[in-house]
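Novice: Build the 3D model from these lines:
(chains A and B)
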Amino acid sequence: MISLRNIEKVYRTDTVETLALSRISLDIAQGEFLSIMGPSGCGKSTLLNIMGLLDAPTKGDLQINKQRTTDLSDKALAQFRNKILGFIFQSYHLINDLKVLDNVELPLLYRNCNAKERKELATEALGKVGLSNRIKHFPNQLSGGQKQRVAIARAIVGRPEIILADEPTGNLDSAMGNEIMDILLDLNKREGTTIVMVTHDENMARKTHRLVRLFDGSQVQ
Amino acid sequence: MVKHLFTLIWNKKKQNALLLSEILVSFLVLFAVFSMLVYFYHNYKKPAGFKCEQVWAVSYNQSFAESNTDSVVQYYDAVKQLLLSLPQVRSVSLASSNLPYFQRTIQYGIKQNAISVNNVNSYDIEDSYAAILGLQIMEGRWFDKSDITFKNKPIVINNSLKQRLFGNGKAIGELIGDGPDKDKRKVIGVVQDPKFDGDYTGAGLASFSRIDTGNIRWVGNMLIEVAPGADAAFEAKLYKVLANSMKNGNVEIEYLTNKRKSINYFALVPMIILSIISSFLIVNVALGLFGVLWYNINKRRGEIGLRRAIGASGKSISVQLVTESMLLACLALMIGSFFAIQFPLLNVFDLPAGIYLSALLLAIIFVYMLVLVCSLYPGKQAAAIYPAAALHED
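Specialist: Model prediction:
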């Protein structure tokens, strides 16, 4: 499903060159739940961004669904992200000026999807994360765990094949973290969604199918 | 997407209030400036309705010791004959003080059946007046000697007054005024509107009457049509002739062409000053808009990163931000138009509705252009935001 070959990422400024990722090769199968661990600054988020087509590798090849992504235009990449990928972030990235339902509908706005259909799909997604009773609330009226559930609903509303989660439990206490993890596991199990999750939490990582460890930009496990 | 953007704008109404106010203020200023410009242009493109070349205006302050009106009439006949004997003088007409371009007004009101018309300029003149100024007769005729025998005092009106009193109906032969029939005045002619207050000012309503010989002693002005080539030397000669005829008369001679230049200049000066002030204001508003949009974009980097992540292309981000600004402009223009539309509805300043509507349209187009130009670059910058970096920053 996702294939990375000799991925390298170098950040350059006028005076400094930083190697963020070095020769990463990785295959992730459909329906797999993979976690990526490593110390801060080891390149976990950079790797996730490259898989999520939010960042381009300096070298190497990335294929998603057997399609080479490095040559795609900005518009094609945007469509790819919209249809194939779903994102969950540590800091939720909800738009505070939009109600929960509107936040969840967001990815559908970039598709040919009418208002009625958008509402139905968003309500259904919110139902899956147990937030049907919060659709008219604004994000600042929700707890951290509820916000992350909204973010999950937004990630799954377009029925993507792959979900990329960047420390989804990082801002939550353990009970809420477990709640979120259960939702992701359930999603992976029931709907066969491929999930790649960056985490610092060993316990969470253990619940996934496979663990990849990074250190100083290189894969060590 | 438009509904989504409206929701976003509405939910951020407090943050958008400043931007909305800026657009609203700039619209109202532009509406005022455009109303003035359109009004001036509207007047400018209309024909002058008379000619001022080779016409000199003479003002004097002649007092008559004789109580006999006939003596005064004879005096003026002698002065006119004297002037006409000069080879450069073609025609002479005594006139009331409201000479063309002199910005003096003598006004009255007319009641005609159910119609009441105010601010009608009254010009007391002689028969030669129309020929001197080249007034264009549209209907009927100008005054002649036969008018002495009229039962009702004859009157010539301009086209605007005719439209107000009679519309497209017949005016010639009609009696105007609301007193008994004997006091009413009979319309004998209609002239094209003469723009006596300058090229940029409307002609207004006007009526012309022959100078009543009973009041001729109070006349203090005359128009003289001179031959081409009449120069300063002739002006000096003319002055001497008049000064000799009017002892202690404080004679003053002015060219109508110079008066026209002067009055046009004074009409344009406030417009130029207002335009300069409004240009500065618009530049300030443009910079303000630009700044607020720029600030908003920097504040919304996380949101922009998120939108890129969930499927927005760089172009669609740019389009979204420009559309948001345009929708905000729509709201400001709706509020502004509500106020602007009151001007034609309430007939403020007695200007034709078409002037306000044209100004409204121009101001709307200008504001849209302003907002578009001011939001294009911030929109382009937003499109260039790197999603991974923006998501990481937030």
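
Novice: got any ranges where the stretch 51-200 of chain B has weak pLDDT?
Specialist: Where the stretch 51-200 of chain B drops to pLDDT under 70, the residues are B:66.

Novice: and it, which of its residues are near chain A?
Specialist: Nowhere does the stretch 51-200 of chain B come near chain A, counting by C-beta under 8 Å from any C-beta of the partner chain. C-betas here are computed from N, CA, C, even on glycine.

Novice: Torsion angles phi and psi at whatever residue of the stretch 51-200 of chain B ends up closest to chain A?
Specialist: Residue of the stretch 51-200 of chain B nearest chain A, by C-beta to the nearest C-beta: B:Tyr200 (49.5 Å). Main-chain torsions, B:Tyr200, degrees, to the nearest 10: phi -100, psi 0.

Novice: so what's the residue nearest to the spatial centre of chain A closest to, chain neighbours aside?
Specialist: Centroid-nearest residue in chain A, with C-alpha atoms, centre = their mean: A:Leu164, separated by 2.1 Å. Nearest non-adjacent residue to A:Leu164, counting by C-beta to C-beta, 6 or more residues apart in numbering or on different chains: A:Gly52, 4.7 Å away.

Novice: In stretch B:68-80, which residues are buried?
Specialist: B:Val72, B:Tyr75, B:Tyr76, B:Val79, B:Lys80 (16 or more other C-beta atoms under 10 Å in any protein chain shown).

Novice: count of residues packed around residue 167?
Specialist: Picking chain A for this. By other C-beta atoms under 10 Å in any protein chain shown, 20 other residues sit near A:Glu167.

Novice: meant chain B, my bad for not saying
Specialist: Residues near B:Gly167, counting by other C-beta under 10 Å: 9.

Novice: And it, its phi and psi?
Specialist: Per-residue torsions, B:Gly167: phi 60, psi -130 (degrees, to the nearest 10).

Novice: In contact with it, which residues?
Specialist: Going by C-beta atoms under 8 Å, 6 or more residues apart in numbering or on different chains, B:Gly167 touches no other residue.

Novice: quick one: the residue of the stretch 51-200 of chain B closest to chain A and B:Arg260 touch, right?
Specialist: No - the pair formed by B:Tyr200 and B:Arg260 falls short of the contact definition of C-beta atoms under 8 Å, at 10.9 Å.

Novice: Whichever residue of chain A sits closest to chain B: what secondary structure?
Specialist: Residue of chain A nearest chain B, by C-beta to the nearest C-beta: A:Asn82 (2.6 Å). At A:Asn82 the chain is in helix, as set by DSSP: H, G, I helix; E, B strand; the rest coil.

Novice: ok, and the closest non-adjacent residue to it?
Specialist: B:Gly311 (2.6 Å).

Novice: how about the strands in chain B?
Specialist: For chain B, strands defined by DSSP state E occupy the ranges B:55-59, B:89-95, B:107-112, B:115-125, B:137-140, B:153-158, B:175-176, B:185-191, B:205-210, B:221-226, B:252-255.

Novice: partners of the shortest one in the sheet?
Specialist: Read it as strand B:175-176. Here strand B:175-176 is paired, per DSSP bridges, with strand B:185-191 (antiparallel).

Novice: Could you find the closest non-adjacent residue to residue 140?
Specialist: I went with chain A, as the question did not name one. If the residues on either side of it in the chain are set aside, A:Asn140 comes closest to A:Asn96, at 5.6 Å by C-beta to C-beta, 6+ apart.

Novice: hmm, I had chain B in mind actually
Specialist: Leaving out its chain neighbours, the residue that sits closest to B:Gly140 by C-beta to C-beta, 6+ apart is B:Gly189, at 3.6 Å.

Novice: The one you found bridge partners, please.
Specialist: Residues in a beta bridge with B:Gly189, per DSSP bridges, are B:Gly140, B:Val156.

Novice: Pretty sure the residue nearest to the centre of chain A sits in a helix.
Specialist: No - according to three-state DSSP, A:Leu164 belongs to no helix; its state is strand.

Novice: surely it meets A:Ile84?
Specialist: No - between A:Leu164 and A:Ile84 there is no contact under C-beta under 8 Å: 10.5 Å.

Novice: hey, what's in contact with both of these two?
Specialist: Residues touching both A:Leu164 and A:Ile84 (C-beta under 8 Å, 6+ apart): none.

Novice: residues in contact with the residue nearest to B:Gly140?
Specialist: Neighbouring residues of B:Gly189 by C-beta under 8 Å, 6+ apart: B:Ile137, B:Glu139, B:Gly140, B:Arg141, B:Trp142, B:Phe143, B:Val156, B:Ile157, B:Ile172.

Novice: For the nearest residue to the last one once chain neighbours are set aside, list the residues it contacts.
Specialist: Closest residue to B:Ile172 apart from its sequence neighbours, by C-beta to C-beta, 6+ apart: B:Gly140 at 4.2 Å. Residues in contact with B:Gly140, defined by C-beta under 8 Å, 6+ apart, are B:Val156, B:Ala171, B:Ile172, B:Val187, B:Ile188, B:Gly189, B:Val190.

Novice: mind running it again at 10 Å?
Specialist: B:Pro154, B:Val156, B:Ile157, B:Lys162, B:Ala171, B:Ile172, B:Gly173, B:Val187, B:Ile188, B:Gly189, B:Val190, B:Val191 (C-beta atoms under 10 Å, 6 or more residues apart in numbering or on different chains).

Novice: Spatially nearest residue to B:Leu99, not counting backbone neighbours?
Specialist: Excluding the flanking residues, the one nearest B:Leu99 by C-beta to C-beta, 6+ apart is B:Ala57, at 4.9 Å.

Novice: Is A:Ile88 within a helix or a strand, and which one?
Specialist: Secondary structure assignment for A:Ile88, by DSSP states H and E: strand A:85-89.

Novice: That strand: what's the following helix or strand?
Specialist: Heading C-terminal from strand A:85-89, the first helix or strand you meet, by DSSP H and E, is helix A:100-109.

Novice: still on that earlier bit, run a quick check on the residue nearest to A:Asn82 versus A:Leu108, I expect a contact.
Specialist: Yes - taking C-beta atoms under 10 Å as the definition, B:Gly311 is a contact partner of A:Leu108 at 9.0 Å.

Novice: close to chain B, is the one helix or strand A:Leu184 maps to?
Specialist: Element membership for A:Leu184 (DSSP H and E) is helix A:174-191. No - Helix A:174-191 lies apart from chain B when judged by C-beta under 10 Å from any C-beta of the partner chain; the minimum separation is 17.2 Å.

Novice: Mind giving me the packing neighbours of that helix?
Specialist: The contact analysis (3 or more C-beta pairs under 10 Å, 6 or more residues apart in numbering or on different chains; DSSP states H and E) places helix A:174-191 against strand A:33-37, strand A:85-89, helix A:115-128, helix A:144-156, strand A:162-166, strand A:194-198, helix A:202-206.
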